[in-house]
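the following comprises the amino acid sequence and a computationally predicted model.
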Amino acid sequence: MRFATPLVPATLIRRYKRFLADVRLEDGREVTAHCPNPGAMTGQAAPGGRIWLEPNDDPRKKLKFGWRLAELPGGGFVCVDTGLPNRVVGEALRAGAVPGVTGEVRSEVAYGAGSRVDFVVGGAFVEVKAVTLRRSGTLAEFPDSVTARGARHMSELAEVVRGGGRAVLLYLLQRDDCDAVGIARDIDPAYAAAFDTARAAGVEVRAHATRIDTGGIALGQAVPVAGG
């Protein structure tokens with residue numbers, strides 16, 4: 001997945017109201033950018049951090065910049081845009097680049113109790129979760145805040161399997177300083193319980209790294225899911 005326009009660097013002044021960020025561009029201008037991430041963004045939104053924005057000239061959009069990446073202290077990036085994982089995985093699925101998950105790809109298919117699964121691929125229900133939280137070592141964790149919606153998705157995937165179908169939960173690791181994914185049980189015990197139930201029911205749990213640069217994001221190699 002390539003960004004529509006070249007990213008430009010900026011310095012984060014503050015993130016507020018979840019979806020807004022005041023930033024300083026390299027030419028000294030201070031502007032407000034859209035922050036496409038409703039989560040806690042732990043370790044990614046410290047004032048003074050170097051970030052990367054995608055400009056747009058869409059007259060329908062009030063904000064002319066969207067926050068896409070944050071630079072990590074030791075080098076590399078974390079993608080903060082929670083809307084991009086489905087694009088990355090969708091491209092990979094359509095290219096046949098996800099081992100064992102092949103076939104016709106359909107997006108946003110209704111299922112469960114009024115939900116929509118991210119993809120149905122050759123009959124397999126595939127749900128994608130973006131992972132950006134890192135608290136120690138090289139382990140990334142999901143979720144970074146309480147997610148009742150995420151727990152519901154786990155239950156609905158389990159029901160797919162109990163009904164004789166196939167369900168795949170794919171965690172997309174959106175930072176390049178980690179090499180495994182785990183469940184943040186202390187942050188959301190209810191999600192952790194739903195994860196355990198889904199896994200026991202036969203939901204397949206996978207995780208993939210990503211290759212991130214200021215030009216775009218691509219699916220990387222499979223990584224282990226701790227306890228998964």
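Cool, the structure landed. Residues are numbered from 1 along each chain as shown.

domain boundaries for the protein, per the record?
8-79, 85-222 (automatic domain parsing).

for this protein, give me the ranges with low pLDDT.
227-228 (pLDDT under 70).

contact partners for the spatially most central residue of it?
For the chain, Ala130 is the residue whose C-alpha lies nearest the centre (CA atoms, centre = their mean; 2.1 Å). Applying CB atoms under 8 Å, 6 or more residues apart in numbering to Ala130 gives the contacts 79, 82, 84-85, 142, 172, 174. Using the backbone N, CA and C atoms, a C-beta is placed for each residue, glycine as well.

could you say which helix or strand holds it?
Using DSSP states H and E, the element containing Ala130 is strand 124-131.

paired strands for that strand, with orientation please.
Taking DSSP bridges as the criterion, strand 124-131 forms sheet pairs with strand 115-121 (antiparallel), strand 166-173 (parallel).

beta partners for Ser136?
According to DSSP bridges, beta-bridge pairing links Ser136 with Leu139.

neighbours around it, how many?
6 (other CB atoms under 10 Å).

look up how far Phe65 lies from it.
32 Å (CB to CB, to the nearest Å).

same thing with Ala167?
37 Å.

more neighbours, these two?
Ala167 (26 against 21).

Met41 touches Tyr16, doesn't it?
No. Counting by CB atoms under 8 Å, no contact exists between Met41 and Tyr16, whose distance comes to 11.6 Å.

find residues that contact each of the two.
Between them, Met41 and Tyr16 share no contacting residue, judged by CB under 8 Å, 6+ apart.
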